[in-house]
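Enquirer: Compute the structure for the input listed below.
(chains A and B)
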Amino acid sequence: MAILALKSRPTEITPDADKSGPIELVRYVCAIGAMQSAAAIPRVVPITHCGPGCADKQYMNLAFYNGFQGSGYGGGPVVPSTNASQREVIFGGADRLRELIESSQTVLDADLFVVLTGCIPDLVGDDVGSVVRDFQKKGVPIVYAETGGFRGNNFTGHEAVTRAIIEQYLGPWDGVREQGLVNLWSLLPYQNTFWRGDLEEIKRLLESIGLKVNVLFGPDSAGLSEWRDIPRAQFNLVLSPWLGLATAKLLEERYDQPFLHLPVLPIGARQSGEFLRQVAAFAGLPAEPVEQVIVREETRYYNYIDGFTDFYSEYWWGLPARFAVIGDSAYNLALTKFLVTQLGLIPAKQIVTEDPPVEHRDSIREQFRAIDHDVSVEIDFIEDSYLIHDAIRKADFGHKPPIIFGTTWERDLVKEMKGSLIEVGFPASYEVVLSRSYVGYRGALSLLERIYSTVVSHSA
Amino acid sequence: MARKLKQIAIYGKGGIGKSTTTSNISAALAEAGYKVMQFGADPKADSTNTLRGGEYIPSVLDLLAERRRVDAYEAIFEGFGGIYCVEAGGPQPGVGCAGRGIITAVELLKQQRVFEELNIDIVIYDVLGDVVCGGFAVPVREGIAEHVFTVSSSDFMAIYAANNLFRGIERFSNSGGALLGGIIANSINTEFQREIIDDFAARTDTPIVQYVPRSLTVTQAELSGRTTIEAAPQSAQADVYRQLAKRIADHTESKVPTPLNPQQLREWSARWADHLVAAERAEAERSREIA
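Expert: The predicted structure is shown next:
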């Protein structure tokens, strides 16, 4: 009998993109780090079923040494954990989890609990679903997501948490759609140091053209009422290169809800205007009022840029010309677009670090190849900081010191290269970030302030 | 001076007579004056039943389920002939990680230096035969058992399991793990069964330590909660076990097995199956002729 698979193998097998191996200086955390995604929803409390140290490590990495954002209402040190040890490994941890959920209900005031599993229960095969379903049957607002470390990182964990809430908390729906209501799926909470301010600015922009926004995460979200409202929205807006796409597709399947995918997070007037026009067209909004909003925003924006121009043209001898970005695809793409099209800087090296799923990599590459009508950028997907720094050292920055948009991990490298560093991503341990934003019209101005304050103070 | 401790592991397919054989070896060794410990490494925790009148003992993991710290001695019970009986135990079927349980139980006894303190001559690990994960391979890793014996009948499935075990031993042999002592050929009553197991042994360059015939004496002894050595010491079967135990006690040189690869194994068993069919047909024709 011939050996015939249902699908034939490609004749040439290229090595897998995600080569596993040791990673120096990490740029994301474990899948269970998505406990902070749950905590990013007002009054939602994650419950972790994992070994000692797992939850604390996610919190300290994501929410502390990354902009010192703080843990939120139910995140960080509040998060209950089974603290699974040898006993739970050998005998299974289902009973311990049941006990923890019961006690958590007594001690913590939450609108929803999200159980996240770590490596131990996922390896041992704990039937977490059956434990959680028992509580769900009793009417306890609780869902679970399997986020063992070997399943992916905090990006995939975030998608698992989102899916869990949609599938387990939101019931079937057959109501009437509310025109002009949009669900926003964008930056990864906490991983992106500036997500709170950024979501606020995106929400402000969308509202300015007459939309109502379920922002879903962060201080500008109304919490679970927004989540319950998800099926009612006219459409889903995925504002990132790939994160959130799976969620939008799930909602399309489940509620027959359309989605608009815009890979570029808008920074500055040009991109923000384009963003508003694209969203308005998809939402079926009349163009005129949108144009009025754009004019109003641009008037303010260019008023400041006008002042900035004195500096930008006069200080030419001290300003960098070539830049590199090392970071998650969302910010990397947004920054590269802004710096090239609005400031005329030359991209020297763009490295995407969040290990995006293989199926999204080609579309991310395409976005960078179309940065501007005359600028095409070839990116690298690298996670290991040794290799990243090696690539940066080998990049051509011309005769001026480079400007690097990266993380705290680039501190020593940038010193060595005598360049400037703007910390724009995880981990940003030398930035204290409250509501600062780098996106939209207003965020772009803050970004310019940050970039050029860093540059001019370089020799101070 | 402490005597040199000898640790052996006995593997084999489930239901093949591993615990029966192991318990009889332990009993025969105890009878011969050795200080023996039998360590049941199977979540079912019934390896040592026939050494203790058919009764179950609390397992190491039963105790560990109650308390985080366990004194190993609380899990050691004396059985027939002063044999120290230990059961690793494990989780309920379908939950937790039985493999990790075995590792933990073995480590606990090692850490608390029980073998040295009890001045044991021989430890026999009776291990679940399908080496499904790392936990069940622990007894053959470096520093635990030195010799592995496998119990196998002439059934193909039992032989497959034995061959799988050989592959495991081959793997660990590079890192100082246990080596193969040989096959204990169980339930071998006919010439034909003997030919099959002999052929497999020859193909894998493995010695047969002992042929053990299927015997009602064993069943009767088991049903009375005892080993054959204890229940029918004068029987021929008891002598078979005594002989086996002596060989194991005297055994010094084990080696790296040469398992068959899946293709070889398939061809090998297909050839025997054809042979078997032909033999049965000849037998049927002969009885028709007689009729």
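Enquirer: For the stretch 1-150 of chain A, which residue gets nearest to chain B?
Expert: Residue of the stretch 1-150 of chain A nearest chain B, by CB to the nearest CB: residue A:92 (3.5 Å). Any C-beta I mention is one placed from the backbone N, CA and C, and that applies to glycine too.
Enquirer: now do the stretch 151-300 of chain A
Expert: The stretch 151-300 of chain A approaches chain B most closely through residue A:151 (17.9 Å), counting by CB to the nearest CB.
Enquirer: got the contact list for that residue?
Expert: The contact partners of residue A:151, by CB atoms under 8 Å, 6 or more residues apart in numbering or on different chains, come to A:31, A:122, A:157, A:160.
Enquirer: So it versus residue A:426, what's the distance?
Expert: 19 Å (CB to CB, to the nearest Å).
Enquirer: related to what we said a few turns ago, what residues are up against the residue of the stretch 1-150 of chain A closest to chain B?
Expert: Going by CB under 8 Å, 6+ apart, residue A:92 touches A:124, A:125, A:126, B:91, B:92, B:95, B:96, B:97.
Enquirer: again, only using 10 Å
Expert: Neighbouring residues of residue A:92 by CB atoms under 10 Å, 6 or more residues apart in numbering or on different chains: A:84, A:120-121, A:124-127, B:91-92, B:94-97.
Enquirer: With residue A:99 instead?
Expert: By CB under 10 Å, 6+ apart, the contact list for residue A:99 reads A:82, A:93.
Enquirer: For it, identify the helix or strand it belongs to.
Expert: Element membership of residue A:99 [criterion: DSSP states H and E] is helix A:94-107.
Enquirer: Next, the angle from the helix or strand following that helix to helix A:94-107.
Expert: Using DSSP H and E, the helix or strand that follows helix A:94-107 in sequence is strand A:112-117. Angle, strand A:112-117 to helix A:94-107, by axes from the mean of the first three to the mean of the last three CA atoms, to 10 degrees: 150 degrees.
Enquirer: Just give the closest residue to residue A:28, not the sequence neighbours.
Expert: residue A:153 (4.5 Å; CB to CB, 6 or more residues apart in numbering or on different chains).
Enquirer: whoops, residue A:312 was the one
Expert: residue A:319 (7.4 Å).
Enquirer: Show me the strands in the stretch 151-291 of chain B, by range?
Expert: Remark: strands assigned in the stretch 151-291 of chain B by DSSP state E, counting those that start in this stretch are B:179-186, B:208-212.
Enquirer: With the stretch 1-150 of chain B instead?
Expert: Going by DSSP E, counting those that start in this stretch, the stretch 1-150 of chain B shows strands at B:6-12, B:36-41, B:77-78, B:84-87, B:122-127, B:147-152.
Enquirer: In its sheet, which strands sit next to the third one, and in what direction?
Expert: If you go by DSSP bridges, strand B:77-78 pairs up with strand B:84-87 (antiparallel).
Enquirer: List the residues that contact residue 269.
Expert: Using chain A. A:294, A:297, A:298, A:300, A:301, A:302, A:305, A:338, A:342, A:440, A:441, A:444.
Enquirer: meant chain B, my bad for not saying
Expert: Residue B:269 neighbours (CB under 10 Å, 6+ apart): B:156, B:157, B:159, B:160, B:196, B:200, B:260, B:276.
Enquirer: what subset of these is also close to chain A?
Expert: Near chain A, taking CB under 10 Å from any CB of the partner chain as the test, no member of the contacts of residue B:269 is found.
Enquirer: Narrow those to those in helices?
Expert: In helices, defined here by DSSP state H, the members of the contacts of residue B:269 are B:156, B:157, B:159, B:160, B:196, B:200, B:276.
Enquirer: Contact residues of chain B facing chain A?
Expert: Proximity of chain B to chain A is confined to B:43, B:61, B:64-68, B:89-92, B:94-105, B:135 under the rule CB under 10 Å from any CB.
Enquirer: mind running it again at 8 Å?
Expert: For chain B, the residues in contact with chain A (CB under 8 Å from any CB of the partner chain) are B:61, B:64-65, B:68, B:90-92, B:95-98, B:100-101, B:104.
Enquirer: Which helix in chain A has the most residues?
Expert: Taking DSSP H as the criterion, chain A has its longest helix at helix A:287-314.
Enquirer: outside of the helix or strand following that one, which residues touch it?
Expert: Next helix or strand after helix A:287-314 toward the C-terminus (DSSP H and E): strand A:322-327. Applying CB under 8 Å, 6+ apart, the contact partners of strand A:322-327 are A:27, A:331-332, A:335-336, A:339, A:345-353, A:388, A:392, A:395-398, A:400, A:402-407, A:410, A:424-425.
Enquirer: The very next helix or strand once past strand A:322-327 vs strand A:322-327, what angle?
Expert: Where DSSP H and E defines the elements, the next helix or strand beyond strand A:322-327 is helix A:329-341. Here helix A:329-341 points in a direction 170 degrees away from that of strand A:322-327 (the same axes, to 10 degrees).
Enquirer: other SSEs contacting helix A:329-341?
Expert: Counting contacts by 3 or more CB pairs under 8 Å, 6 or more residues apart in numbering or on different chains; DSSP states H and E, helix A:329-341 is packed against helix A:268-283, strand A:322-327, strand A:346-352, helix A:358-369.
Enquirer: if you set the cut-off to 6 Å instead, what comes out?
Expert: When contacts are defined as 3 or more CB pairs under 6 Å, 6 or more residues apart in numbering or on different chains; DSSP states H and E, helix A:329-341 packs onto strand A:322-327, strand A:346-352.
Enquirer: State the helix or strand in which residue A:58 lies.
Expert: Assigned by DSSP H and E, residue A:58 belongs to helix A:54-59.
Enquirer: which parts of that helix are buried?
Expert: If you call a residue buried by 16 or more other CB atoms under 10 Å in any protein chain shown, then helix A:54-59 has these buried ones: A:54, A:55, A:58, A:59.
Enquirer: how about the helices in chain B?
Expert: Taking DSSP H, the helices of chain B run over residues B:18-31, B:60-66, B:98-111, B:114-117, B:156-173, B:191-203, B:216-223, B:228-231, B:236-250, B:262-290.
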